[in-house]
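J.: starting from these lines, generate the structure:
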Amino acid sequence: MQADPTRDASQTPTLAALFGSFLRLGSTAFGGPAMIAYIRKMAVTQKQWLDSESFQDGVALCQIIPGATAMQIAAYVGLKVRGARGALATYFGFGLPAFFLMMALSVLYSVTHKLPAVISVFSGLQAVIVAVVANAALSFRKTSLRNWQDVLISGIAAGLFWLMANPALIILLAAFLGMLLSSRQQANLRAEHDIKISTTTRPLLLFLLIAVSGFALLYFLQKDLFQIAILMSRIDLIAFGGGFASIPIMFHEIVEVRSWMDGPTFLNGIILGQFTPGPIVITATFVGYLVRGFAGAFVATIAIFLPSFLVLVGVAPYFDRLRTSPWFTRAINGILCSFVGLLLTVTIRFALNVHWDFPHIALAVAAFAGLIFKLDILWVVLAGTAISILVF
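T.: Have a look, this model is predicted:
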C-alpha cells in the first residue's frame with residue numbers, strides 16, 4: 001500500500017517519526033476518547049499530515065467499527081500518510097506506554113493486593129468505578145437513544161445480557177432490529193474525497209496470515225494461551241462504540257462465564273487501567289497477567305487490539321461507499337443502542353460486587369457528580385484514591 005499520492009515528499013513523515021510522535025502522545029494519553037482532540041492537534045494543526053476533512057472522516061469511521069476509538073484514530077493517521085506500515089507504527093507507538101505501565105502495575109498488584117491497606121484503598125475505588133460505568137451508560141444513552149425504537153432495542157439487549165445470553169448473538173440481533181425499526185437516516189451523503197486510501201488487500205492478507213499462524217502455534221503449543229487469545233479477539237470484534245463497550249463483555253466472559261477471577265478483582269483491574277494512559281481495554285493486560293503471567297499478558301494485549309486493527313485496515317479504503325448506505329448506519333445504530341443496555345446491566349453487576357455503606361455511597365455519588373460536570377476521569381480516580389486512603 002502506498003502513501004497519499006498527492007502529498008509532497010517533504011511533508012511525508014518517516015515511519016520512525018510517526019512512531020516517535022505517537023509514542024510521546026501515548027505517554028500522556030489519559031482520558032480515552034478525549035485524546036482524539038490531541039491527535040487532531042498534532043496530525044492536522046502542528047504536523048499538517050492530514051487536512052481537517054480527512055481527519056473528521058477518520059473519526060467517523062473509527063466510531064462505527066469495533067475497537068478503542070483513540071487507538072483506531074492513531075492507526076488511521078498512519079494508514080492515511082504511510083499506508084499499512086504507517087498504521088502499524090502509529091498503533092504500536094500510541095499503545096506501548098499503556099502496555100508497559102499496566103504490566104508494571106499488574107506485577108505490583110499481584111504481590112501487594114492482600115495487604116490490608118491496599119484492600120481498603122481498592123474497596124473505595126470500586127465504588128468510583130461503578131460511578132464511571134454508570135456515567136458511561138448515561139453518555140451512551142444521550143447519544144444513542146433518541147426515540148422509542150432505540151429504547152426498545154436497548155431494553156431487549158439489557159434483558160438478554162442480564163440472562164447471560166451470548167453477547168455476539170445479542171449484537172447481531174441488535175443490528176437486525178436497527179435495520180428493521182430505525183427510521184433515522186444517518187448516512188453521510190456528501191461527495192467522496194478526491195484523495196482516497198489505496199487498496200489494502202495485500203498488506204491485509206499478510207497481516208491475516210501472520211495472525212492465523214500465531215493462533216495456530218498457540219493452539220498446538222499452549223492451549224490455555226490460545227483460549228485467552230480467542231476470547232480477547234472475540235471481545236474486540238464485537239466492541240462497537242469504543243473501548244468502554246468491551247469492558248462489560250470482558251466482565252461477562254471472564255467473571256461470569258469462565259470464573260477466571262472474581263468480580264472485585266476484575267474491578268481492581270479496571271481501576272489500574274484508569275491510572276495508565278491509553279484505552280481502558282488495556283485491562284486485558286491485567287487479566288492476562290493474573291491468569292497466565294507475562295505470556296498471558298502479552299497474548300491478551302495483542303489479541304484485544306488485533307481484530308479491530310485488521311477491520312480498520314480492511315474497511316478504510318471502502319468507507320466512502322459504506323457511509324452512503326442507510327442500512328449500514330441503521331445496523332450500527334442498533335448495535336450502539338444495545339450497548340446502552342449492556343452498560344446498564346454491567347453497572348448493576350459491578351454494584352453488586354461492592355460492599356455498600358455510607359462512605360462508599362458518598363464516594364460513588366461524588367465521583368458520579370464530578371463526571372457529570374465534565375471533570376477529567378484521571379482526576380476523579382486520583383481524588384478517589386486520596387479519599388480511600390484517608391477514609392477506608
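J.: who touches stretch 167-181?
T.: Outside stretch 167-181, the residues within contact range by Cβ atoms under 8 Å, 6 or more residues apart in numbering are 149, 152-153, 156-157, 160-161, 234, 238, 240, 249, 252-253, 327, 330-335, 337-338, 342. Yep, even glycine has a C-beta here, placed from its N, CA and C like the rest.
J.: mind checking which of the residues you listed are in strands?
T.: Members of these lying in strands (criterion: DSSP state E): none.
J.: which of these fall in helices?
T.: Cross-referencing the contacts of stretch 167-181 with the helices (criterion: DSSP state H) gives 149, 152-153, 156-157, 160-161, 234, 249, 327, 330-335, 337-338, 342 as the overlap.
J.: who's in contact with residue 226?
T.: 215, 218, 219.
J.: in which helix or strand does the last one reside?
T.: With elements delineated by DSSP states H and E, residue 219 resides in helix 201-221, which encompasses its position.
J.: show me the contacts for the closest residue to residue 119 other than its chain neighbours.
T.: Distances taken as Cβ to Cβ, 6 or more residues apart in numbering place residue 113 nearest to residue 119, at 7.2 Å, with adjacent residues excluded. Listed by Cβ under 8 Å, 6+ apart, the contact partners of residue 113 are 119, 122, 265, 268.
J.: buried only: go through the contacts of residue 226 for me.
T.: Judged by neighbour count, with 16 or more other Cβ atoms under 10 Å as the criterion, the buried members of the contacts of residue 226 are 215, 218.
J.: could the contacts of residue 226 go into JSON lines alongside distance to residue 368 and pLDDT?
T.: Output for the contacts of residue 226, formatted as JSON lines (distance: Cβ to Cβ, whole Å; pLDDT from 0 to 100):
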{"residue": "215", "distance to residue 368": "41", "pLDDT": "95"}
{"residue": "218", "distance to residue 368": "41", "pLDDT": "95"}
{"residue": "219", "distance to residue 368": "44", "pLDDT": "94"}
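J.: reformat the contacts of residue 226 as JSON lines; add distance to residue 128.
T.: Supplementary listing: the contacts of residue 226 in JSON lines, determined by distance: Cβ to Cβ, whole Å:
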{"residue": "215", "distance to residue 128": "37"}
{"residue": "218", "distance to residue 128": "36"}
{"residue": "219", "distance to residue 128": "39"}
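J.: among the ones in helices among the contacts of stretch 167-181, name the buried ones.
T.: For the ones in helices among the contacts of stretch 167-181, burial is judged from neighbour counts taken by 16+ other Cβ under 10 Å, and it is met by 149, 153, 156-157, 160-161, 234, 249, 330-335, 337-338, 342.
J.: buried sites along the strand or helix carrying residue 127?
T.: Using DSSP H and E, the secondary-structure element containing residue 127 is helix 116-144. Using 16+ other Cβ under 10 Å as the test for burial, helix 116-144 gives 121-141, 144.
J.: now stretch 228-240
T.: By neighbour count, with 16+ other Cβ under 10 Å as the criterion, the buried positions of stretch 228-240 are 228, 229, 231, 232, 233, 234, 235, 236, 237, 238, 239, 240.
J.: and the helix or strand harbouring the third one, C-alpha only, in PDB?
T.: In this case it means residue 231. The secondary structure element spanning residue 231 is helix 223-237 (assigned by DSSP H and E). Below are the C-alpha coordinates for helix 223-237, written out as PDB (Å, rounded to 0.1, in the frame of the first residue of the first chain):
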ATOM      1  CA  LYS A 223      -3.900 -24.300  24.600                       C
ATOM      2  CA  ASP A 224      -4.500 -22.100  27.600                       C
ATOM      3  CA  LEU A 225      -2.900 -19.100  25.900                       C
ATOM      4  CA  PHE A 226      -4.900 -19.900  22.700                       C
ATOM      5  CA  GLN A 227      -8.100 -19.700  24.800                       C
ATOM      6  CA  ILE A 228      -7.100 -16.300  26.100                       C
ATOM      7  CA  ALA A 229      -6.300 -15.100  22.500                       C
ATOM      8  CA  ILE A 230      -9.500 -16.300  21.100                       C
ATOM      9  CA  LEU A 231     -11.600 -14.800  23.900                       C
ATOM     10  CA  MET A 232      -9.900 -11.400  23.700                       C
ATOM     11  CA  SER A 233     -10.200 -11.300  19.900                       C
ATOM     12  CA  ARG A 234     -13.900 -12.100  20.000                       C
ATOM     13  CA  ILE A 235     -14.500  -9.400  22.600                       C
ATOM     14  CA  ASP A 236     -12.600  -6.900  20.400                       C
ATOM     15  CA  LEU A 237     -14.600  -7.800  17.300                       C
END
